[in-house]
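Asker: Task: produce atomic coordinates for the following.
(chains A and B)
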Amino acid sequence: MTTTTPTAPQAGLKTAPPRSASSAARESLSGRWASAAAIVIAVLWTLPTFGLLVSSFRPEGEVKTNGWWNAVTDPQFTLDSYRQVISGADIDLATYLINSVVITIPAVLIPISLAVMAAYAFAWIPFKGRDTLFVAVFALQIVPIQVTMIPLLRLYVDPPFNLMPLAGNDAPGGGFYTVWLSHTIFALPLAIFLLHNFMREIPGELIESARVDGAGHVQIFSKIMLPLMTPAIAAFGIFQFLWVWNDLLVALVFAGGNPSVSPLTVRLAALAGQRGEDWHLLSAGAFVSLVVPLIVFLSLQRYFVRGLLAGSVKG
Amino acid sequence: MTSTDKLIQMAIAVVLFFAVTGLILVLTARLRSRNGERVQAAAFIAPSLLLIAVGLLYPAVGTIYQSFFGSSYQPILGGGNEGNFVGLDNYRRIFTNGDLLQVLQNTALWVVLTPLVATTIGLVYAVLIDRSRFEKVAKALIFLPMAISLVGASIIWKFMYDYKGTDQDQLGVLNALLKAVGFDTYRFLLTEPWNTFFLIVIIVWVQAGFAMTILSAAIKAIPDDIVEAAKLDGVNGLKLFRYITVPSIRPSLIVVLTTISITTLKVFDIVRTATGGQFGTSVLAYEFYVQSFRSFDFGLGAALATLIFVLVTPIVVYNIRQMRRLEAR
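Answerer: Numbers count the residues shown, from 1 in each chain, chains lettered A, B, ... in the order given. Below you'll find the predicted structure:
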């Protein structure tokens, strides 16, 4: 989602007109092959996850000796693997799950709030050099996060002007601040850009008339813009949520392998390395890490898809 | 820290943030004059700009600067470590060292293949299921991998690729199929050079849903009369796809291709989780991590990161120009 064009939010979401009987008949011949091909792709895309899901419920001995498809002929299911990965002392995913939650909530709320404010100013407060600044912010999207990591890490550990260091053992918040801050920074350019595009879609007369009635920018922002922006904010929020929850690189670098602030992905990646043959644990672990984004994703899918489209393309 | 402590820390951070932001808004709310408007603009924008400047701009410049120095860390200001300057040596190393050349070659494969294959599959699937009865479910199935972390996706596929000797019972679906058809089982992730392709399968699996969603919407936006007119002229099936569908969604195709290439260029989770960069599978983004945070060769790491930056730039610039052309139309 790095490259985008401003378009109307509902672009491309027209519903399909009902098919006429004749066109249905005309298409039915090629339609059969088309459906077969579609089904093949759908199965290929679903099978890997399904296999792991089945495995996560099978007893350890079974998982390690025969393929998951044998569960069809010999169904044996247990929650042992889940018990072991969530509360077992050596894996203890519950702790990492909490870390993921603690990392994600501020890392979604803070950048979005900052971005909505900045987007509003870029869209509706005229000031000198506004467009140049906006282009600069947009351009910074092309900086890959890899490029920023080492100097940023140095800043956290050893900030100038004797500021309080954000990383290390004496850091406030037990070291979460570096992760929150990094996710916030990395999210800002895209968030500002997308929200700005939404913001420009709102008719200017609305703001004009509010100004005439004596409302200041802060009132317009909080009373008019925020409610109108809710769908856009939700869309980007889901985006940012999935990104932060599923992130590995930022967590590895800025949580520095410290287990008390590392999210699920870090633990899971480590498990995949250490216990590559323990498929009962890996499969259950993978599903523990999947559940939350999957729930969020499925329940808010419509916003998500609309958000993807609104910011990005028109056919 | 206990879990409760962490949650409390989180609550404090969030409340603190909103309190400060709210306070700034309340303080600037009363300003009405021309200067007041300037202050309000600053209040709205300054926090973001400050973060971007400190967290993106300064580090990016620092890394590019560092890429001309040796392995020890080189701050932009007050370094005083002149002996550390190596000029273009780090870049020369990348382009002459056999292992690093392999990394470059792999990265090229990733960046070329992933967008093409993922977009093709996404496009074909979007066309196939368009206006079918099960469209919603069909879309959700392909789209779902996007909610899965790349670490999770890698684990899922490591399981698909799992290897056991031919005489043993197979755990992985693919080797079970090979065995059922009568072939020997295959070490998908260990056998060079094809293991790189099997890693690319993982990212294609994740990205195809993204391509499908965007392209499906673009297809639906094609005006019905164009399609009807073409059909009346006897254009059908593949020809319709080739001469009507593809040209009509060209802008979306470009956006999807570029977005996926940029994502692919920066991906490191898959390589790290699936093979740890061994067996000749490393890519630029992973090599950056290894050199910077395992070998602590900050110079080489910075050069690798800069290279990613250099490779992303033309893709983005091309995309912006396309976008401009569209808007001008």
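Asker: where does residue B:306 land on pLDDT?
Answerer: We have a pLDDT of 92 for residue B:306.
Asker: Residue A:158 touches residue A:165, doesn't it?
Answerer: Yes: counting by Cβ atoms under 8 Å, residue A:158 does reach residue A:165; the two are 6.6 Å apart. (Glycine included, C-beta is placed from N, CA and C.)
Asker: the more surrounded of those two?
Answerer: Neighbours per residue, other Cβ atoms under 10 Å in any protein chain shown: of residue A:158 and residue A:165, the larger number sits with residue A:165, 17 against 12.
Asker: Look up how far chain B lies from that one.
Answerer: Noted for residue A:165: a distance of 15 Å to chain B, by Cβ to the nearest Cβ, to the nearest Å.
Asker: for that residue, phi and psi?
Answerer: In terms of degrees, to the nearest 10, the main-chain angles of residue A:165 are phi -70, psi 140.
Asker: can you check residue B:69 too?
Answerer: phi -120, psi 170.
Asker: show me the residues around it that make contact.
Answerer: Contacts for residue B:69 were tallied using Cβ atoms under 8 Å, 6 or more residues apart in numbering or on different chains; they are B:81, B:84-86, B:298-299, B:302.
Asker: Could you restrict those residues to the ones contacting chain A?
Answerer: When contact is defined as Cβ under 8 Å from any Cβ of the partner chain, the contacts of residue B:69 meet chain A at B:298, B:302.
Asker: which of the contacts of residue B:69 tops the neighbour count?
Answerer: The most crowded member of those, judged by other Cβ under 10 Å, is residue B:302 (29 neighbours).
Asker: pLDDT at it, what is it?
Answerer: Residue B:302 carries a pLDDT value of 91.
Asker: counting contacts, what elements does whatever helix or strand it lives in pack onto?
Answerer: Element membership for residue B:302 (DSSP states H and E) is helix B:298-328. Other helices and strands packing on helix B:298-328, by 3 or more Cβ pairs under 8 Å, 6 or more residues apart in numbering or on different chains; DSSP states H and E, are helix A:145-157, helix B:58-66, helix B:89-96, helix B:250-266, helix B:284-293.
Asker: For residue B:159, which of those is the nearest?
Answerer: The closest of those to residue B:159 is helix B:284-293. By Cβ to Cβ, the value is 21.1 Å.
Asker: do the closest one and chain A meet?
Answerer: Yes: interface with chain A: helix B:284-293 contributes B:285, B:288-289, B:292-293 (Cβ under 8 Å from any Cβ).
Asker: Next, the angle from that helix to helix B:58-66.
Answerer: Computed by axes from the mean of the first three to the mean of the last three Cα atoms, to 10 degrees, the angle separating helix B:284-293 from helix B:58-66 equals 80 degrees.
Asker: Which other helices and strands does helix B:284-293 contact?
Answerer: helix A:145-157, helix A:249-254, helix B:98-129, helix B:250-266, helix B:269-274, helix B:298-328.
Asker: Only alpha carbons, please: show that helix as PDB.
Answerer: What follows is helix B:284-293, C-alpha atoms only, in PDB (Å, rounded to 0.1, in the frame of the first residue of the first chain):
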ATOM      1  CA  LEU B 284      18.800  -8.600   0.900                       C
ATOM      2  CA  ALA B 285      16.400  -7.800   3.700                       C
ATOM      3  CA  TYR B 286      17.500 -10.800   5.700                       C
ATOM      4  CA  GLU B 287      21.200 -10.300   5.000                       C
ATOM      5  CA  PHE B 288      20.800  -6.800   6.300                       C
ATOM      6  CA  TYR B 289      19.500  -8.200   9.600                       C
ATOM      7  CA  VAL B 290      22.300 -10.800   9.800                       C
ATOM      8  CA  GLN B 291      25.100  -8.400   9.000                       C
ATOM      9  CA  SER B 292      23.800  -5.600  11.300                       C
ATOM     10  CA  PHE B 293      22.500  -7.500  14.300                       C
END
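Asker: Rounded mean pLDDT for that helix, please.
Answerer: For helix B:284-293, mean pLDDT is 90.
Asker: How about residues contacting that helix?
Answerer: Outside of helix B:284-293, the residues within contact range by Cβ under 8 Å, 6+ apart are A:144, A:146, A:149-150, A:249, A:252-253, B:100, B:103-104, B:107, B:265-268, B:271-272, B:277, B:282, B:297-298, B:300-302, B:304-305, B:307-308, B:311.
Asker: Buried only: go through those for me.
Answerer: A:144, A:146, A:149-150, A:249, A:252-253, B:100, B:103-104, B:107, B:265-268, B:271-272, B:277, B:282, B:297-298, B:300-302, B:304-305, B:307-308, B:311 (16 or more other Cβ atoms under 10 Å in any protein chain shown).
Asker: show me where the stretch 101-250 of chain A has helices.
Answerer: Here the stretch 101-250 of chain A has its helices, by DSSP state H, counting those that start in this stretch, at A:130-139, A:145-157, A:176-201, A:204-212, A:217-219, A:226-246, A:249-254.
Asker: Let me see the contact set for the residue lying closest to residue B:209 once chain neighbours are set aside.
Answerer: With sequence-adjacent residues excluded and distances taken as Cβ to Cβ, 6 or more residues apart in numbering or on different chains, residue B:209 is closest to residue B:143, at 3.9 Å. Residues near residue B:143 by Cβ under 8 Å, 6+ apart: A:301, A:305, B:209-210, B:212-213.
Asker: before we move on, what about residue A:42?
Answerer: By Cβ under 8 Å, 6+ apart, the contact list for residue A:42 reads B:138, B:141-142.
Asker: same question, residue A:185
Answerer: Applying Cβ under 8 Å, 6+ apart, we find residue A:185 in contact with A:111, A:148, A:152, B:51-52, B:54-56.
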